[in-house]
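model the structure of this input:
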Amino acid sequence: MIYNLKLALNLIEDLLAVTPIVLNSMNEINNFCEQNRFHNMQGFLEVPAFSKLLQKLNSRTLYFVTDRLFVNYVLMLIENIPVCIGPFCTRIFTEYDFITLGKQQGFADLDSKAFLAYRSQFPVISYKEMLKIIFSVLKNTSVESIFEHVEEIDFTKKSYELVDVQNESESSNDYYHIIQKRYTIEQRFMKNIQNGNYYSAIIDFRNMKRNVAFLKQIGTTISNERVGAAIVRTLIRVSALKAGLPATTIDYLSSKNTRRVQNALTVESIFEVQEEMIREFCQAIHKHQDKKYSNATLSVKYYIDHQFIRDDLKISKIAEELNVSSNYLITQFRKEMNMTPLNYLRKVRMENASSLLLSTEYSIQEISVMVGIMDANYFVKLFKKEYGETPSEFRKYHKL
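Residues are numbered from 1 along each chain as shown. Prediction:
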């Protein structure tokens, strides 16, 4: 279950751009308080007070905390592990808000510019959206958590309120299917990276971005996208390790991407850098995997990769050149590639077709011919089987 918890926390970070922190030791508690305490008005972030608050957590209550600077945190106990999600804000503050609320809270020694700059670094997420997404993620990742109540700890009012969580849990069902879809895309993305399928991985990557943007109803920022890029980078590293890519190569490509993301000045340039990383990892994985294939299998792969546009492509021609039977070649290929040469040919054609649909204005008929399929109706049938959408639907929903 610890593995599921890690998955849940990673997904929450990706969706909300808020880093969940595990507070399982005094060192972690000390670091958290030191990093997040901005002003002495945030007394609950003093280590003794915060430790005492954590000790009172129970597994059936989720705690929504608002400190005196109107910064928010969610505290919860999952599998006996204290977790904090935050800091974040539920509203945007203006100079007027600072003056009005400052009188109530006693902001006498607090500079307005410093206060507004401090709060501006945190994402803005509504109370209801935060709870819906947390409940949905925990449910979708099979984390054992049964929250019956939400306790609102509001230090601006010095009040504590216990709220029945049933309605929030039920309304989170709308998010369940969205998150489940993203989770499915994420797993497919990792599988395509592992297999070095560049075109399919790019499509999954764009779908993941689109899915997260739907949940981020306040839009996106460079800071948010840098967090997202780090998570995508982690997914790719895990996939590359499974593919057997050497750790030195993984570290080199990953470090290169980290530098480029940090230097990017726009959200669009971060997307471009991420897609470039996907291409480089897929190329490296392909090159690495080719080393383990026999000459017979490599010959078939090379032939199909470069001749797939021909409608008269035949494996028997390669078999003649290698002086082996077609049956031997097909058997050897299936043994090493876990698919027949015909299935590999279809996969290559569909991947190239998907790329043309997204990057050109060619008609469906023209693209069908360009990937070696003369019958456009048959092409549409194959494409829908591969991607679950017709070529027209695919272009409509996925072209940027």
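
pLDDT wise, what is residue 180 at?
On pLDDT, residue 180 comes in at 63.

residue 45 too?
So, for residue 45, pLDDT stands at 90.

would you mind measuring from it to residue 31?
12 Å (C-beta to C-beta, to the nearest Å). Any C-beta I mention is one placed from the backbone N, CA and C, and that applies to glycine too.

looking at these two, which one has more neighbours?
Neighbour count, other C-beta atoms under 10 Å: between residue 45 and residue 31, residue 45 has more, with 23 against 13.

once you drop chain neighbours, what's closest to the more buried one?
Nearest residue to residue 45 in three dimensions, chain neighbours excluded: residue 37, at 4.1 Å (C-beta to C-beta, 6 or more residues apart in numbering).

wait, that neighbour touches residue 47, no?
No - the criterion here is C-beta atoms under 8 Å, and residue 37 misses it with residue 47 at 9.3 Å.

neighbour-wise, which of those two wins?
Counted by other C-beta under 10 Å, residue 37 and residue 47 do not tie: residue 37 has more neighbours, with 17 against 14.

give the phi and psi angles for that one, as a check.
In terms of degrees, to the nearest 10, the main-chain angles of residue 37 are phi -80, psi 110.

pLDDT score for it?
88.

quick one: it from residue 242, how far?
41 Å.

over to residue 121?
The gap separating residue 121 from residue 242 is 36 Å, by C-beta to C-beta.

now swap in residue 185 and tell me
Residue 185 is 18 Å from residue 242, by C-beta to C-beta.

how about the strands in the stretch 1-150 of the chain?
20-22, 61-66, 72-78, 81-88, 149-154 (DSSP state E, counting those that start in this stretch).

looking at those, which is nearest to residue 340?
Nearest to residue 340, of all the strands of the stretch 1-150 of the chain, is strand 20-22, at 45.0 Å by C-beta to C-beta.

direction included, what does the closest one pair against?
Strand pairing for strand 20-22, determined by DSSP bridges: strand 81-88 (antiparallel).

quick check: buried residues in the strand it pairs with?
The neighbour-count check on strand 81-88 (16 or more other C-beta atoms under 10 Å) flags 82, 83, 84, 85, 86, 87, 88 as buried.

contacting residues for the last one?
So that's residue 88. Applying C-beta atoms under 8 Å, 6 or more residues apart in numbering to residue 88 gives the contacts 16, 18, 71, 72, 73, 122, 123, 124, 125, 130.

out of the residues you listed, the closest to residue 300 would be?
Nearest to residue 300 among these, with distances taken as C-beta to C-beta, is residue 16, at 46.6 Å.

looking at residue 185 and residue 242, which one has more neighbours?
Taking neighbours as other C-beta under 10 Å, residue 185 and residue 242 compare with residue 185 leading, 18 against 14.

spell out the residue ranges of the strands in the stretch 301-400 of the chain.
Using DSSP E, counting those that start in this stretch, no strands are found in the stretch 301-400 of the chain.

need the buried residues of strand 81-88 in JSON lines (columns: distance to residue 310 and pLDDT).
Shown next, in JSON lines, are the buried residues of strand 81-88 (distance: C-beta to C-beta, whole Å; pLDDT from 0 to 100):
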{"residue": "82", "distance to residue 310": "62", "pLDDT": "91"}
{"residue": "83", "distance to residue 310": "57", "pLDDT": "91"}
{"residue": "84", "distance to residue 310": "59", "pLDDT": "92"}
{"residue": "85", "distance to residue 310": "55", "pLDDT": "91"}
{"residue": "86", "distance to residue 310": "58", "pLDDT": "87"}
{"residue": "87", "distance to residue 310": "59", "pLDDT": "90"}
{"residue": "88", "distance to residue 310": "56", "pLDDT": "89"}
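
okay, now residue 196: neighbour count?
Neighbours around residue 196, by other C-beta under 10 Å: 22.
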